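Asks: pasting a predicted model and its sequence here:
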Amino acid sequence: MSLSSKLVMWITGSLQGDGQQLDLLSYLDDTGFGRVEIGNIVMIAIGLLMIYLAIKKDYEPLLLVPIGFGIIAGNIPYNAALMPIGYQDVLGGQHSVFSLFYIGVKTGLFPPLIFLGIGAMTDFSALLSNPKLLLLGAAAQVGIFITLIGSLLLGFNLQEAASIGIIGGADGPTAIFVASQMSPTLLGAIAIAAYSYMGLVPVIQPPIMRLLTTDEERRRRMKPVRQVSKTEKIIFPIIAFLITSFIAPGAITLLGMLFFGNLLKESGVTDRLAKSAQGSLNNIVVILLGFAVGTSTQAMYFLKFDSLKIFLLDAISFAIATAGGVLFAKFMNLFLKGDNKINPLIGAAGVSAVPDSARVVETEGRKYDPKNHLLMHAMAPNVAGVIGSAIAAGVLLSIVPH
């Protein structure tokens, strides 16, 4: 029988082979076109939107591009019984390459490695120069606990509420770490919400900052940061880790990697390790984390009313966290005099979105005084916010049964 004859018979569904009929219509049923549902289309559109915002608007592109493409890949419908290629279930599911990627998320491996890279990239000089700004990072964490309470009121259980609450600190890796331990079924929605709001920092924060400050306060200049010695920079990560880990043992994993990475950077004798931690290793983990989180947001799990509640709660909590930092800066000024007073704008940098919040503060300050540079001052509460959100996560991991 000629090849052309076989092709005609296959198309008409009449070709028999090894007792099994090969049918074009059956094949079409197993393609994405045959299995697609409206939920898949919605999620693919969300993935495309994230990629657009990352490329066009420069909103957290290093994370939103992998997450966005992961969402698209995770929502291509297929016959799982015949083709074990995709990610099937956030709780385990069928083994595949995608599910293997997700092991780093589900086990909590990826977030500490990201903290290692953050530590290796972070300069704590601004915080060491003006330690009282640590309080601004602590004040901004009010968003975490407001969100936790709001989540309980909306019907989430305590473990879910604790995981959702962490997003109030605008700390994506910490939110993923806590969710992986306490509420893995919500991890996709929590991760997408966390990184979405981190990307929207330049949109959400400025109106709140302007609303809560006067023109005079926004123009206030702060005295230059002092020069911090190399010895201080080396001792700080060790002392800070000891203090914070004794306060919140549940945060040892995150804070240990954060301060370890910083010690690699500041010691001056491990440059190769520091460069690897902040460069190639961090880049690889970000790619795998973003893509794995994206593939886990299958429509059947993500498109639920709970996801909408998470997004609403975290929008409110992010606004509260920003307001908490600004208002606490104004409160601190009641006890400070002269050039020791704080420009309240830097309080907004108390959330953990490093360094985006600090950049927003710099931009806002220069709108009212082009020669007023607040970036270095804002970095102090910004890195304090990273520490604060990790401590809050450690406390919740310690006191909430899971």
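Replies: Yep, that arrived.

Asks: pLDDT of the longest helix belonging to the chain, averaged?
Replies: Ordering each helix of the chain by length in residues (DSSP state H) puts helix 305-333 first. When pLDDT is averaged along helix 305-333, the result is 90.

Asks: where does this protein have low pLDDT?
Replies: Within the chain, the segments meeting pLDDT under 70 span 1-30, 32, 34, 79-97.

Asks: center of it - which residue?
Replies: residue 172 (1.8 Å; Cα atoms, centre = their mean).

Asks: contacts only, for it.
Replies: Listed by Cβ atoms under 8 Å, 6 or more residues apart in numbering, the contact partners of residue 172 are 63, 191, 194-195, 198. In this view, the C-beta of every residue, glycine as well, is placed from N, C-alpha and C.

Asks: how near is the residue nearest to residue 375 when sequence neighbours are not counted to residue 333?
Replies: Excluding its sequence neighbours, the residue lying closest to residue 375 (Cβ to Cβ, 6 or more residues apart in numbering) is residue 362, at 4.1 Å. Distance, residue 362 to residue 333, by Cβ to Cβ, to the nearest Å: 20 Å.

Asks: can you check residue 217 too?
Replies: 8 Å.

Asks: ok, residue 50 next?
Replies: For residue 50, the distance to residue 333 - Cβ to Cβ - is 39 Å.

Asks: now do the helices in the stretch 151-300 of the chain.
Replies: Using DSSP state H, counting those that start in this stretch, the helices found in the stretch 151-300 of the chain span residues 158-165, 172-182, 187-199, 201-211, 215-219, 230-247, 252-267, 271-278, 280-295, 299-302.

Asks: got a markdown table for these, with distance to residue 366 too?
Replies: Formatted as a markdown table, the helices of the stretch 151-300 of the chain follow (distance: least, Cβ to Cβ, whole Å):
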| stretch | distance to residue 366 |
| --- | --- |
| helix 158-165 | 33 |
| helix 172-182 | 27 |
| helix 187-199 | 22 |
| helix 201-211 | 12 |
| helix 215-219 | 10 |
| helix 230-247 | 28 |
| helix 252-267 | 29 |
| helix 271-278 | 28 |
| helix 280-295 | 30 |
| helix 299-302 | 39 |
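
Asks: based on its surroundings, how many neighbours for residue 252?
Replies: Using other Cβ atoms under 10 Å, residue 252 has 17 neighbouring residues.

Asks: that one contacts residue 394, doesn't it?
Replies: Yes: between residue 252 and residue 394 there is a contact under Cβ atoms under 8 Å: 7.3 Å.

Asks: tell me which element the residue nearest to residue 375 is part of?
Replies: helix 356-368 (DSSP states H and E).

Asks: list the buried residues in the helix or strand that that helix is followed by.
Replies: Of the helices and strands lying after helix 356-368 in sequence (DSSP H and E), the nearest is helix 375-399. Across helix 375-399, burial judged by 16 or more other Cβ atoms under 10 Å covers 375-397.
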